[in-house]
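In: predicted model follows, preceded by the sequence.
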Amino acid sequence: MLDRRTHLASPRHRGELARVLEELRSKHEVPSEFPEAAATEAEAAEAGVPRLDLRDIPFVTLDPADSRDLDQAFHIEHTSTGMVLRYAIADLPGFVAPGGAIDLEARRRGQTLYLPDGRVPLHPPVLSEGKASLLPDKDRTAFVWTIPVDQAGAAAIGGAAVPDARVERARIRSRAKLNYVSAQQSIDAGTPHEQIELLREFGLLRIEQEARRGGASLNMADEEIVRDEHGYRIVRSFPLAVEEWNAQLSLLTGMVAARIMLDGGIGILRTMPSPDDEALSEFRSRVAALGKPWPSDVSYGEYLRSVPRDGEHSVAVLHAAASLFRGADYAVFGVPGEDGALIAPPASPNQAAIAAPYAHVTAPLRRLVDRWTLVICEALCAGAETPDWVTQSLADIPSLMRSSSSLAGRLNSAIIDRVEAALLRDRVGEVFSATVLQARESSARVLVEDPPVTANAEFAGVVAGQLISVRVTRADVLTGEIELEAV
């Protein structure tokens, strides 16, 4: 696993960076405290108790070690025909009154923002880290998905039905709060928790199914800004295997949810168009220049899975692949549009990277749209009418999610720029090795491994994947601007 860490050595720079981050919050109007009405409403909120009691099922959660906003808990077991996944999702809808103070503030925020100087939650922490969170050894209400798969991991999602898959509101009780690092260590040591061993089996089967349908998970290295007692640093690392298996649970549930909503004639999908011929041709040229040609008889997903994470030019190949899939959006259907007519489902409902229709439905504590999709799917499975508040507000959700995603993207980019500049502030004049990610006519996008920095460099005559040397000539923490020159 690639893991690069660089601390900011100068206390003066740490203080300067802290001020810059605070200024970015102000500039982008990032919310701080919750309005008093929302906080008061959250303190008093209680979810009704459903009739279905599944507290005998030993669910577990799997998240980063320090997480308290636990959206999902799972339980997997073998059956006579394959396996069955029970996936419990936090009952945030049960605590939020439509049109109330929490609802209005959540619509303004759109999603939880993860910033290096503190998290900006979508909902008051008394809910997202308390009453609604699937904390261990606590009775909770949840939307519980039951999804059987056959011995090959297939869930029979195609066609016009999802046999035997359903979601119901129920009482549950998580037995353990597991974390990614210790779970991976237990797998590597051969002493995993029973549910982690079953997760491995289930996840590997689902990854095989992904390959068969032509999907491709682009598991690029994550870039996270971490603040600790030493200051701010950037950690660049690939997801652990256990994280990839865990992600397959959410992917499967999102695919089932999309099929349920398409069959029911109402819902909201997460869409992404397939790359056009020009983008595919450019990608083929770029990876060929890297010495990693994409054979014409090999699918995109199969090709990406063949690229070793730690191989020569792998980072550049994955960077090029990320440019193929753009234009992710949300598509509402089954409710009246501006002209009063019902909005039809998208002509091409597939999420291109997943190679299937897909919906966001597994993170209601941290993402606004999931509150609507959960309620729609539960009503459709119960044969009940979708609540009026859902049908009346569903068409508003795409614009709210676009706005919050745009804010998150701008903030993340601006913050990374400034932390990278801080990493290089005292190293102006030094020379570093770098890999060319993308070559332009007179400049290039390059990746410096240590310290972990991605920046533009002004020079020509290079190709993607080439290893070069660059000198830092300027690094401005206030603006995030970095200037590199060829050596």
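Out: Sure, I can see it. Numbering: from 1, shown residues only.
In: which one is residue 112 nearest to, not counting chain neighbours?
Out: Excluding the flanking residues, the one nearest residue 112 by Cβ to Cβ, 6 or more residues apart in numbering is residue 366, at 4.1 Å. In short, each C-beta sits where N, CA and C put it, glycine included.
In: and the one you found, how many residues sit next to it?
Out: 20 (other Cβ atoms under 10 Å).
In: okay, it: pLDDT?
Out: Here the pLDDT value assigned to residue 366 is 97.
In: and it, what does it touch?
Out: Residue 366 is in contact with 69, 71, 111-112, 121-122, 128, counting by Cβ atoms under 8 Å, 6 or more residues apart in numbering.
In: now for the longest strand belonging to the chain, which elements pack on it?
Out: The residue-count maximum for a strand in the chain (DSSP state E) belongs to strand 166-179. If contacts are counted by 3 or more Cβ pairs under 8 Å, 6 or more residues apart in numbering; DSSP states H and E, strand 166-179 sits against strand 59-63, strand 82-90, strand 139-150, helix 369-382.
In: got JSON lines for the ones you listed, with mean neighbour count and distance to residue 285 too?
Out: Formatted as JSON lines, the helices and strands packed on strand 166-179 follow (neighbours: other Cβ atoms under 10 Å; distance: least, Cβ to Cβ, whole Å):
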{"stretch": "strand 59-63", "mean neighbour count": "22", "distance to residue 285": "40"}
{"stretch": "strand 82-90", "mean neighbour count": "22", "distance to residue 285": "41"}
{"stretch": "strand 139-150", "mean neighbour count": "22", "distance to residue 285": "39"}
{"stretch": "helix 369-382", "mean neighbour count": "23", "distance to residue 285": "37"}
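In: which one of those lies nearest to residue 52?
Out: Residue 52 sits nearest to strand 139-150 of all these, at 7.8 Å, using Cβ to Cβ.
In: adjacent strands (with direction) for that closest one?
Out: Strand 139-150 has these partner strands in its sheet, going by DSSP bridges: strand 82-90 (antiparallel), strand 166-179 (antiparallel).
In: report the rounded mean pLDDT for the first one.
Out: In this model, strand 82-90 has a mean pLDDT of 97.
In: any idea how far it is from the chain center?
Out: 19 Å (Cα atoms, centre = their mean, to the nearest Å).
In: can you name the next helix or strand after that strand?
Out: Using DSSP states H and E, the helix or strand that follows strand 82-90 in sequence is helix 101-109.
In: ok, so what distance separates the residue nearest to residue 112 from residue 21?
Out: 21 Å (Cβ to Cβ, to the nearest Å).
In: just residue 469 next, same as before
Out: Here residue 469 is placed at a distance of 31 Å from residue 21 (Cβ to Cβ).
In: more crowded one of the two?
Out: Using other Cβ under 10 Å as the criterion, residue 469 and residue 21 rank with residue 21 on top: 21 against 11.
In: ok, now which ones touch the more buried one?
Out: Neighbours of residue 21 in contact, by Cβ under 8 Å, 6+ apart: 115-117, 415, 418.
In: make a ChimeraX selection of the buried ones in those residues.
Out: Applied in ChimeraX, the following selects the buried portion of those according to 16 or more other Cβ atoms under 10 Å:
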select :115,116,415,418
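In: pick out whichever of the contacts of residue 21 sits closest to residue 181.
Out: Distances from residue 181 to those, taken by Cβ to Cβ, are shortest for residue 116, at 20.0 Å.
In: what sits against the closest one?
Out: Contact partners of residue 116, counting by Cβ under 8 Å, 6+ apart, are 21, 225-227, 232, 415, 419.
In: which strand residues bridge the closest residue to it other than its chain neighbours?
Out: Excluding its sequence neighbours, the residue lying closest to residue 116 (Cβ to Cβ, 6+ apart) is residue 225, at 4.0 Å. Residue 225 forms beta bridges with residue 234, as assigned by DSSP bridges.
In: pretty sure residue 225 contacts residue 414?
Out: No: under the criterion of Cβ atoms under 8 Å, residue 225 makes no contact with residue 414, lying 11.4 Å away.
In: quick one on the thing from earlier: mind checking how far the residue nearest to residue 112 is from residue 72?
Out: Relative to residue 72, residue 366 is positioned 11 Å away (Cβ to Cβ).
In: got it, and residue 396?
Out: Residue 396 sits at a distance of 26 Å from residue 72 (criterion: Cβ to Cβ).
In: neighbour-wise, which of those two wins?
Out: Counted by other Cβ under 10 Å, residue 396 and residue 72 do not tie: residue 72 has more neighbours, with 24 against 12.
In: so what's residue 33 up against?
Out: Neighbours of residue 33 in contact, by Cβ under 8 Å, 6+ apart: residue 39.
In: can you say which helix or strand has it in it?
Out: Following DSSP H and E, there is no helix or strand that holds residue 33.
In: gap between it and residue 125?
Out: Counting by Cβ to Cβ, the gap from residue 33 to residue 125 is 11 Å.
In: hmm, back to that, any chance of the helices and strands packed on strand 166-179 in TSV, with distance to residue 16 too?
Out: Converted to TSV, these look like this (distance: least, Cβ to Cβ, whole Å):
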stretch	distance to residue 16
strand 59-63	33
strand 82-90	39
strand 139-150	43
helix 369-382	37
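In: show me where pLDDT drops low in the stretch 1-150 of the chain?
Out: 1-14 (pLDDT under 70).
In: correction: the previous question concerned the stretch 201-350 of the chain.
Out: Scanning the stretch 201-350 of the chain for pLDDT under 70 picks out the ranges 218-221, 309-313.
In: can you show me the strands along it?
Out: 222-228, 231-237, 267-271, 329-333, 350-351 (DSSP state E, counting those that start in this stretch).
In: deepest of those, which one?
Out: Most buried of the strands of the stretch 201-350 of the chain by mean neighbour count (mean count of other Cβ atoms under 10 Å) is strand 267-271; its value is a mean of 25.
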